[in-house]
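1. Take a look and give me a structure for this.
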Amino acid sequence: MTDSKYFTTTKKGEIFELKAELNSDKKEKKKEAVKKVIASMTVGKDVSALFPDVVNCMQTDNLELKKLVYLYLMNYAKSQPDMAIMAVNTFVKDCEDLNPLIRALAVRTMGCIRVDKITEYLCEPLRKCLKDEDPYVRKTAAVCVAKLHDINAQLVEDQGFLDTLKDLISDSNPMVVANAVAALSEIAESHPNSNLLDLNPQTINKLLTALNECTEWGQIFILDCLASYLPRDDRESQSICERVTPRLSHANSAVVLSAVKVLMKFMEMLPKDLDYYGTLLKKLAPPLVTLLSAEPELQYVALRNINLIVQKRPEILKHEMKVFFVKYNDPIYVKLEKLDIMIRLASQANIAQVLAELKEYATEVDVDFVRKAVRAIGRCAIKVEQSAERCVSTLLDLIQTKVNYVVQEAIVVIKDIFRKYPNKYESVIATLCENLDSLDEPEARAAMIWIVGEYAERIDNADELLESFLEGFHDESTQVQLQLLTAIVKLFLKKPTETQELVQQVLSLATQDSDNPDLRDRGYIYWRLLSTDPVAAKEVVLAEKPLISEETDLIEPTLLEELICHIGTLASVYHKPPSAFVEGSRGVQHKRLPPRAGSGESTESPDVGQSGPSEAPPAVIPSQGDLLGDLLNLDLAPPTATVPSVQPSMQMGAMDLLGGGLDSLLGGDIGGSPSVTAMPASLGSAPAVGGGLGDLFDLGGGVGMPTGSYVAPKTVWLLAMKAKGLEISGTFARRGGIIQMDLSLTNKAMSVMTDFAIQFNRNSFGLAPAGPLQVLTPLSPNQTIDVSLPLSTSGPVMKMEPLNNLQVAVKNNIDVFYFSCQYPLSLLFVEDGKMDRQVFLATWKDIPNDNEAQFQIKDIHLNSDVASNKLQGSNIFTIAKRTVEGQDMLYQSVKLTNGIWVLAEMRIQTEPFLLSDLKCTEPRIVYANLLHSQ
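-> Residues are numbered from 1 along each chain as shown. Predicted coordinates for the structure are as follows:
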């Protein structure tokens, strides 16, 4: 008989009847009554009035009844906290029951009851269960520690449960080990800077031993933990890889992806000439291919992860092109993802196969899929030069089908092919012009107009074609209007006598009859150019265009490294870092791959599949989501002989330099932000540029060193292999109220480098060059030049992630190169940051305690006076000092270049460490600054 009967009762006075049945002397009747209560609870009826009667049923030996009562308790304990305490004695008693299932059930239920009053009673039973003789009880208790930590973190730390959890990693039972790792990982996520998982070779060996014997979800927890470990050398890295490799054949796809993540990370430390490195590459392909035989939803997740893997190491799947061929019954989301991977794997060796497939796809019925297939053909032409002619021929065949959307996509990609291979395939222009009337999509119309304007001298009736577009100028989209304006100006410069009236007409439409500021601005620029200096106009408008890059949608390298560290998670599906979609304090820890073995420079994967004569990696044109894309259109002029004077930072007071207000910088509502507390174990170690507050004390220098703003040593920002031989190292400093960017430019190429220029992208605090990059002499091969670039804070502002990230473009006579670096936040501390005592006191009181961040710096062997002097060198000013219980307290103020004040209370302990509280009217700025300055 099924349990459906419990859901069908409609009697009057039901609660009263249930109450009577719950108090019955007959065990079976009591059990039936509890089942009815649970059924009512399940369908949403309020049965909380029966709480004392249900609790009385806990005193039973029947395991089934006990489970039902515990289920009821978990649901209603929060709404009836006072009555829930009635159950505590039974919980404590059940934790000592002879049956391990009951002991585990009791401790599990106590962990799920999120009532503060009960947590203090849970400690003693939990301590016993953590050391229980039965592994089932121990593994349940391990998870309970994580639940208790979520309710009351301080209680868990005070009771020593974290140390007990660490001891369980050495447990003889693999499931206990897995649950202990899972609990510690969960707790560590809410405390990113704590070192709870103190991983060392001995611990790693225990985890690897447990890996072979625990359940599939236990394996995932252990593998994720292994991924956060940094091996000492390539030998240890190889040893771990060898023991993780068998997980690749697991039936659970989550285990496979977690194993792939570990192997992808540790492969970074293996020398490429090692035999095992090649073997590992071969072993990674079959499990990834197997994932594609699962159901569509799993296929999609696997494909999104494979997309990342292929961008990092295309050699893994370079021989597996056929598995990414689309099947007729694949859902559209799987088809589109497969197409993307096919293009990434396309090379001279397999291009014939790929093109045959793509041509077949272009005749499908799914419009979105056909569009993507046509674009893919164009991307193949751009990526593999040897296939360009065949791709153009294929596109012409598709145009002859006269299918409207196919023709339009083909014209868009042919425009890109013209940009990549100028003066090579222009013979097809006549065919394109035949289809002019069928174009109704803005992108296709804009592409066709660009082609007509660019090759106007080859098209006899170019003026007539462009004039036909001009008739409905105001009905066109902005994209088409801008392209039409430029095309007609090009036509005028090539055929001035025939098109004077046409150019006047379009300039009038763009400037006098248009409300679009972009269109008006471009129109006025062209008008002024043409009227004052036609020769200069010709040089500007008809200048030779740079060739477009091979891959236009690669993920930015630093983001790709972080996403590789998150394979098998949502981040790898969204292709965004966790900090972009996880709210609160969790997920803010940025992961990076370990440095490449045997080289201090390269962290790139080996090149495979020659797609052209050049061996340089393809340039990245970032997507709209990547702010680096803004740098592509910047005017990077060569340096001039004079250097404009650098003005000190303007004192903006309360003025908002953040554009749309603080909300736009922080991306949310200020009022609802939670309080945050960060307690890093130690900031004493020397970090990279952008170092923490420990740097401001100059910890390595000793007390006798002169005070002043700390300047971090130079680090390599741009590797020579990524910049055609140009290596850039640098650091930041603040001297005399002026922010300086100290650069070392090294030429590791064979040719001389000249015409240097620099530009910054929009950033959180508006940092921008205050003058040109002064490299006044050519940079010869193997020569290094040191340059100091003054910076201002008057540039455009946009929130960056992390907040102190700076994206830079450097140009020379060879190319434009992009890199990002992080500046120390002490750069932004201005010289007039000393707040009046009374103002400090009033401001401190006005800021709520929730708007506070706390942290420690260990190994500080300084007294308060020396610490105060050192901090003043970095514009952290001491307002007052007092002594409380033998400990010195410093009260300090800092003012940022954008006028935001940060107040600090610093306690110098008798032991060599410092405890500091930061307060600010905008807490998330403090917290972000604190996190990124560590």
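2. Run through the stretch 101-250 of the chain and note the low-pLDDT ranges.
-> Residues of the stretch 101-250 of the chain meeting the criterion pLDDT under 70: 192-195.
3. actually the stretch 651-800 of the chain, sorry about that
-> Scanning the stretch 651-800 of the chain for pLDDT under 70 picks out 651-709.
4. Which parts of it are helices?
-> Assignment of helices within the stretch 651-800 of the chain using DSSP state H, counting those that start in this stretch yields the ranges 662-666, 693-696.
5. Would you confirm that N813 contacts T754?
-> Yes: using C-beta atoms under 8 Å, N813 is in contact with T754, at 4.8 Å. Where C-beta positions appear, they are placed from N, C-alpha and C, glycine not excepted.
6. all strands of the stretch 101-250 of the chain, in order?
-> Counting by DSSP state E, counting those that start in this stretch, the stretch 101-250 of the chain forms no strands at all.
7. Show me what the helix or strand where M906 lies is packed up against.
-> Assigned by DSSP states H and E, M906 belongs to strand 901-908. Contacts defined by 3 or more C-beta pairs under 8 Å, 6 or more residues apart in numbering; DSSP states H and E place strand 901-908 against helix 837-846, helix 864-872, strand 887-895, strand 913-920, helix 923-932.
8. Mind doing that once more with 6 Å?
-> strand 887-895, strand 913-920 (3 or more C-beta pairs under 6 Å, 6 or more residues apart in numbering; DSSP states H and E).
9. distance between that strand and the chain's centre?
-> 31 Å (C-alpha atoms, centre = their mean, to the nearest Å).
10. Check stretch 449-463 too.
-> The answer for stretch 449-463 is 44 Å, by C-alpha atoms, centre = their mean.
11. Just the buried residues of it, please?
-> Using 16 or more other C-beta atoms under 10 Å as the test for burial, stretch 449-463 gives 449-456, 459, 462-463.
12. Repeat that for stretch 249-264.
-> Those buried within stretch 249-264 under the rule 16+ other C-beta under 10 Å are 250, 253-264.
13. which residue ranges form the strands in this structure?
-> In the chain, the strands defined using DSSP state E lie at 715-718, 726-735, 738-747, 757-760, 768-769, 784-792, 805-811, 816-822, 852-858, 877-884, 887-895, 901-908, 913-920.
14. For T164, find the nearest of the ones you listed.
-> strand 852-858 (23.8 Å; C-beta to C-beta).
15. Sheet-wise, list the partners of that closest one with their directions.
-> If you go by DSSP bridges, strand 852-858 pairs up with strand 913-920 (antiparallel).
16. returning to that earlier point: rebuild the buried residues of stretch 249-264 as a markdown table, extending it with distance to E434.
-> Output for these, formatted as a markdown table (distance: C-beta to C-beta, whole Å):
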| residue | distance to E434 |
| --- | --- |
| H250 | 57 |
| S253 | 50 |
| A254 | 54 |
| V255 | 56 |
| V256 | 52 |
| L257 | 50 |
| S258 | 55 |
| A259 | 55 |
| V260 | 50 |
| K261 | 52 |
| V262 | 56 |
| L263 | 54 |
| M264 | 50 |
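17. ok, those residues vs A853, which is closest?
-> K261 (31.3 Å).
18. Hmm, C225 and the closest one touching each other?
-> No: contact criterion C-beta atoms under 6 Å: K261 and C225 do not qualify, at 11.4 Å.
19. For M74, give me its contacts.
-> Applying C-beta atoms under 6 Å, 6 or more residues apart in numbering to M74 gives the contacts C112.
20. the helices in the stretch 501-650 of the chain, which residues?
-> So, for the stretch 501-650 of the chain - with DSSP H, counting those that start in this stretch - the helices run 517-532, 534-541, 557-564, 570-574.
21. Figure out how far the shortest one is from the centre of its chain.
-> Which is helix 570-574. For helix 570-574, the distance to the chain centre is 10 Å (C-alpha atoms, centre = their mean).
22. weakest of the helices and strands packed on strand 901-908 in terms of mean pLDDT?
-> Among the helices and strands packed on strand 901-908, strand 913-920 has the lowest mean pLDDT, at a mean of 65.
23. quick one, which of the helices of the stretch 501-650 of the chain is nearest to S438?
-> Of those, nearest to S438 by C-beta to C-beta is helix 517-532, at 25.8 Å.
24. Only alpha carbons, please: show the closest one as CSV.
-> What follows is helix 517-532, C-alpha atoms only, in CSV (Å, rounded to 0.1, in the frame of the first residue of the first chain):
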residue,chain,number,x,y,z
PRO,A,517,26.1,63.0,-31.3
ASP,A,518,28.5,60.3,-32.7
LEU,A,519,27.3,60.9,-36.2
ARG,A,520,27.4,64.7,-35.8
ASP,A,521,30.9,64.6,-34.4
ARG,A,522,32.2,62.4,-37.2
GLY,A,523,30.5,64.6,-39.8
TYR,A,524,32.0,67.8,-38.4
ILE,A,525,35.5,66.2,-38.3
TYR,A,526,35.2,65.2,-42.0
TRP,A,527,33.8,68.6,-42.9
ARG,A,528,36.6,70.5,-41.2
LEU,A,529,39.3,68.1,-42.7
LEU,A,530,37.9,68.4,-46.2
SER,A,531,37.5,72.2,-46.1
THR,A,532,40.9,73.0,-44.5
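25. can you start the count at 48 instead of 1 from here on
-> Right, with 48 as the first residue, what we last looked at is helix 564-579.
26. name the helices or strands packed onto it?
-> helix 547-558.
27. and with 10 Å instead?
-> helix 525-541, helix 547-558, helix 581-588 (3 or more C-beta pairs under 10 Å, 6 or more residues apart in numbering; DSSP states H and E).
28. list the buried ones in it?
-> Buried-residue list, helix 564-579, by 16+ other C-beta under 10 Å: 566, 569-570, 573-574, 576-577.
29. What of stretch 216-236?
-> Quick answer for stretch 216-236 (16+ other C-beta under 10 Å): 216, 218, 220-236.
30. same check, this time on stretch 772-787
-> Applying 16+ other C-beta under 10 Å to stretch 772-787 flags 772-781, 785-787 as buried.
31. Same list (those residues) but as JSON lines, adding distance to L937.
-> Output for the buried residues of stretch 772-787, formatted as JSON lines (distance: C-beta to C-beta, whole Å):
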{"residue": "G772", "distance to L937": "49"}
{"residue": "L773", "distance to L937": "45"}
{"residue": "E774", "distance to L937": "42"}
{"residue": "I775", "distance to L937": "38"}
{"residue": "S776", "distance to L937": "35"}
{"residue": "G777", "distance to L937": "32"}
{"residue": "T778", "distance to L937": "28"}
{"residue": "F779", "distance to L937": "26"}
{"residue": "A780", "distance to L937": "25"}
{"residue": "R781", "distance to L937": "21"}
{"residue": "I785", "distance to L937": "27"}
{"residue": "I786", "distance to L937": "26"}
{"residue": "Q787", "distance to L937": "28"}
